[in-house]
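[1] build the 3D model from these lines:
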Amino acid sequence: MTAHPVVSHAEWVEASKALLAEEKEFTRLRENLARKRRELPWERVDKSYTFDAPEGRVSLADLFGGHSQLLVYHFMLGPDWKEGCQACSFWADNFNGIDIHLAHRDTALVAISRGPLASIEAYRKRMGWTFRWVSSAGCDFNYDYGVSRRPGEKTIDYNFGKTQENMDEKQGFSAFRRGEDGSIYRTYSTYARGVEMLNGTYHLLDLTSKGRDEEGLPWPMAWVKRHDRY
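    Predicted coordinates:
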């Protein structure tokens, strides 16, 4: 263990109170940012998208499941992949069991990947996940929402800017809203480190004295494995 200041209870309380003031300010900033996120303009979804689901071919509208809001996790599982992305799997471990809570706030959750439904279902069963997950194979959804590189192209329009990529698939998260007339709108998308807000493990580690403990690793998430591989 590295050397660290050790103080009396009274000194520890004073230091904690000083940090608490900053944490409260952070909470206010986060709430203000959430408000600005809700105030973003919407983008109408004019293209028709259909997906392979266990019950058959479904539309984007079908994925709302009777709710007015839809959250989509863009899960990295390509057409010829044997298993889902390791990092996406780390994130997806946070999704089990939350759909019932989201439904009571008029919101559906679904993961979408370009891989075939058979691969998705096999991997979902292996990992013990129960959240909804469909395949966008055969439609442009992943390309249009900047999480898959089109065949023959070297760049991808990712995180609101074209980037050179050596991977065909990237992760992200998008929110959609359905109007009373049935029109669908994209209200928000986030990519790259923007998806960290979904990961409860990281938030819990941030409360510890070691934090995420990723310094010195080849890359920050080098320690992460699929939960059945630890």
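[2] how about the strands of this protein, start to end?
    Using DSSP state E, the strands of the chain run over 43-44, 50-53, 56-59, 69-74, 107-113, 132-135, 155-158, 161-164, 172-178, 184-191.
[3] lowest mean pLDDT among the helices and strands of the protein, which one is it?
    strand 161-164 (a mean of 85; mean pLDDT, DSSP states H and E).
[4] who are the packing partners of that strand?
    strand 155-158 (3 or more Cβ pairs under 8 Å, 6 or more residues apart in numbering; DSSP states H and E). Using the backbone N, CA and C atoms, a C-beta is placed for each residue, glycine as well.
[5] what residues does the strand it packs on touch?
    146-150, 162-165, 170, 172, 191-192 (Cβ atoms under 8 Å, 6 or more residues apart in numbering).
[6] direction included, what does the least confident helix or strand of the chain pair up with?
    Sheet pairing of strand 161-164 (DSSP bridges) gives strand 155-158 (antiparallel).
[7] quick one: mean pLDDT over the partner strand.
    Strand 155-158 shows a mean pLDDT of 90 in the predicted model.
[8] just the buried residues of it, please?
    Buried residues in strand 155-158, defined by neighbour count with 16 or more other Cβ atoms under 10 Å: 156, 157, 158.
[9] okay, these in CSV with distance to residue 134 next?
    Formatted as CSV, the buried residues of strand 155-158 follow (distance: Cβ to Cβ, whole Å):
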residue, distance to residue 134
156, 21
157, 22
158, 22
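[10] now do the least confident helix or strand of the chain: distance to the chain's middle.
    Computed by Cα atoms, centre = their mean, to the nearest Å, the chain-centroid distance of strand 161-164 equals 20 Å.
[11] can you start the count at 21 instead of 1 from here on
    With 21 as the first residue, the last one maps to strand 181-184.
[12] may I have it exported as CSV, CA atoms only?
    Coordinates of each C-alpha in strand 181-184 appear next as CSV, following Å, rounded to 0.1, in the frame of the first residue of the first chain:
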residue,chain,number,x,y,z
GLY,A,181,-16.8,13.5,-36.7
LYS,A,182,-15.2,11.3,-39.3
THR,A,183,-12.3,9.2,-37.9
GLN,A,184,-9.9,6.7,-39.3
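[13] angle of the longest helix belonging to the chain against strand 204-211?
    Longest helix of the chain, by residue count under DSSP state H: helix 29-58. Angle, helix 29-58 to strand 204-211, by axes from the mean of the first three to the mean of the last three Cα atoms, to 10 degrees: 140 degrees.
[14] which strands or helices does helix 29-58 pack on?
    Partner elements for helix 29-58 (3+ Cβ pairs under 8 Å, 6+ apart): none found.
[15] let me see the contact set for residue 156.
    Shown in contact with residue 156 (Cβ under 8 Å, 6+ apart): 69, 71, 132, 133, 134, 162.
[16] once you drop chain neighbours, what's closest to the fifth one?
    In space, residue 134 comes closest to residue 162 once its chain neighbours are excluded; the distance is 5.0 Å by Cβ to Cβ, 6 or more residues apart in numbering.
[17] equivalent analysis for residue 216, please.
    Residue 216 sits nearest to residue 222 (Cβ to Cβ, 6+ apart), 6.0 Å away.
[18] my guess is residue 119 contacts residue 129. True?
    Yes - with contact defined as Cβ atoms under 8 Å, residue 119 reaches residue 129; the gap is 5.3 Å.
[19] follow-up on the earlier one: list the buried residues for the longest helix of the chain?
    Within helix 29-58, no residue counts as buried by 16+ other Cβ under 10 Å.
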